[in-house]
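[1] okay, here's the prediction I keep looking at, along with the sequence it came from:
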Amino acid sequence: MTTRGVAVLGSTGSIGTTALRVLARHRDRFRVAALTAYSNAELLAQQAAEFAPCYVGVVQNGTSPHEGWGEGVSCLVSAATRDDVSIVINAIVGSAGLDATLAAVSAGKRVALANKETLVMAGDLVAEACRAGGGELVPVDSEHSAILQCLAGRSANDVRRLVLTASGGPFREGPAERLASATIEDALQHPTWRMGRKISIDSATLANKALEVIEAHFLFGLAYDQIDVVVHPQSIVHSFVEFVDGSVLAQMGKPSMELPVLYALTHPERVSDAAMPAFDPVAWAPLTFERVRSDDFPALALGIAAGRRGGVAPAVFNAANEQAVNLFLENRIRFMDVVRAIESALATCAHGPGDSRAAVLSADAAARRHVLEMFAC
Ligand code: NAD
Ligand code: MG
């Protein structure tokens, strides 16, 4: 069997290291051809020694540069467009992943997309680049992987509704007052998933679920009225698809990103993997579902409204959130200020079409400036 070359962008992060664990078990099918990271050169060097990729890139090199490594932001596109790469796992966090996704699908690659932010900010551009270049997007996000698996090739016409599950985050049960005084440590305590810091905060505000609704809209071509969210604290059911005849399919499994990563590599095929946990419905019981407390978590409705509005609004939602989460993680603003920042940026900067990379990047920059000015940072 010939092996397919895989580039892992963001290989030092939570999804990146999970992807390398999966790839190490499937060396008969996949070969790690390229690795990139932002600045963790030490871990990147260890990974390079283990997987012997042809290309290694680091965005910010430290004091002792590594011979032969690509450097600077351009290393992301270099890794994503190499001839020996057929699948790009985009596990970069935030809008920094946009050019790599666009370049990879334009060059006809499969992008296994964890980096949802870039589909949210530029969904139409990414779709156009896929059409023009012959590339494809396959989701790594667990909810979207679940939906893709339930759809099993059926078209949007067969679907009545998607229901994305949400764990509810660390503040699901507490009184709403707890949100006002939430510390960084409180907000990072995700109940069911261990993830990078940015997505952990997004899960606590439910901004992550808003990003995922917009992601589902672009991936599956469904209207916002056809995409709902339900809270499911155990994170065992990864999402539901309700078909036009009323039949509902769900995909289940222990909360682990290994299966979504593997499936994004092999879709539409399935490959054997004995390391994946066995199904034990009794051990996982009970599975419960709740309505979202929308009033306490306004980021969800703000994000969906931005999605419906279209144009640059989703890019503004995403950029304001990214900027505000950075400020919160630097202890410069409070938890609920993240939502205030999003709301204010959407009211001020979200005008115009998002039909070019320049328009999207300029809206992204305006939203970030707006948030910085709002808090006098
Ligand atoms: P993380 O912070 O653990 O890792 C981020 C990776 O991106 C690191 O390797 C880092 O070096 C790289 N990176 C950061 N900034 C960069 C920049 N400016 N340029 C280039 N590379 C940069 O984050 P994560 O939790 O692995 O999340 C990665 C993406 O996957 C996010 O979009 C997140 O929403 C999505 N995702 C994560 C999970 C999860 O379980 N962690 C689940 C679903 C989706
Ligand atoms: Mg998800």
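    On my side now, so go ahead. Residues are numbered from 1 along each chain as shown. Ligands and ions are numbered 1, 2, ... in the order given.
[2] up against ligand 2, what does the chain have?
    For the chain, the residues in contact with ligand 2 (CB under 5 Å from the ion) are Asp141, Ser142, Glu143. In short, each C-beta sits where N, CA and C put it, glycine included.
[3] kindly recompute the last result at 8 Å.
    Contacts of the chain with ligand 2, taken as CB under 8 Å from the ion, map to Lys116, Asp141, Ser142, Glu143, His144, Ile199, Asn208, Glu212.
[4] hmm, the last one is touching Asp141, no?
    What it means is Glu212. Yes: under the criterion of CB atoms under 8 Å, Glu212 makes contact with Asp141 at 6.3 Å.
[5] which residues are in contact with each of those two?
    Taking CB atoms under 8 Å, 6 or more residues apart in numbering as the contact rule, Glu212 and Asp141 both touch Lys116.
[6] same list (the residues of the chain next to ligand 2) but as CSV, adding distance to ligand 1 and neighbour count.
    Conversion of the residues of the chain next to ligand 2 to CSV gives the following (distance: CB to the nearest ligand atom, whole Å; neighbours: other CB atoms under 10 Å):
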residue, distance to ligand 1, neighbour count
Lys116, 5, 28
Asp141, 5, 28
Ser142, 6, 25
Glu143, 8, 28
His144, 9, 26
Ile199, 4, 24
Asn208, 7, 25
Glu212, 9, 28
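[7] from those, which land in helices?
    Lys116, Ser142, Glu143, His144, Ile199, Asn208, Glu212 (DSSP state H).
[8] roughly how far apart are the nearest residue to Tyr38 once chain neighbours are set aside and Arg194?
    Leaving aside its sequence neighbours, Tyr38 sits nearest to Val59 (CB to CB, 6 or more residues apart in numbering; 4.9 Å). According to CB to CB, to the nearest Å, Val59 and Arg194 sit 24 Å apart.
[9] next, Val251: secondary structure please.
    Quick fix: residue 251 is Gln, not Val. Three-state call for Gln251 (DSSP: H, G, I helix; E, B strand; the rest coil): strand.
[10] wait, it touches Ala152, no?
    No: using CB under 8 Å, Gln251 makes no contact with Ala152, being 10.3 Å away.
[11] and these two? Which one has more around it.
    Set side by side, Gln251 and Ala152 show more neighbours around Gln251, with 20 against 9, by other CB atoms under 10 Å.
[12] quick check: bridge partners of the more buried one?
    Partner residues in beta bridges with Gln251, using DSSP bridges, are Ser239.
[13] going forward can the numbers begin at 19, since that is how I track them
    In the new count, where the first residue is 19, that last one comes out as Gln269.
[14] so what's it scoring on pLDDT?
    What the model reports as pLDDT for Gln269 is 98.
[15] same thing with Ala333?
    98.
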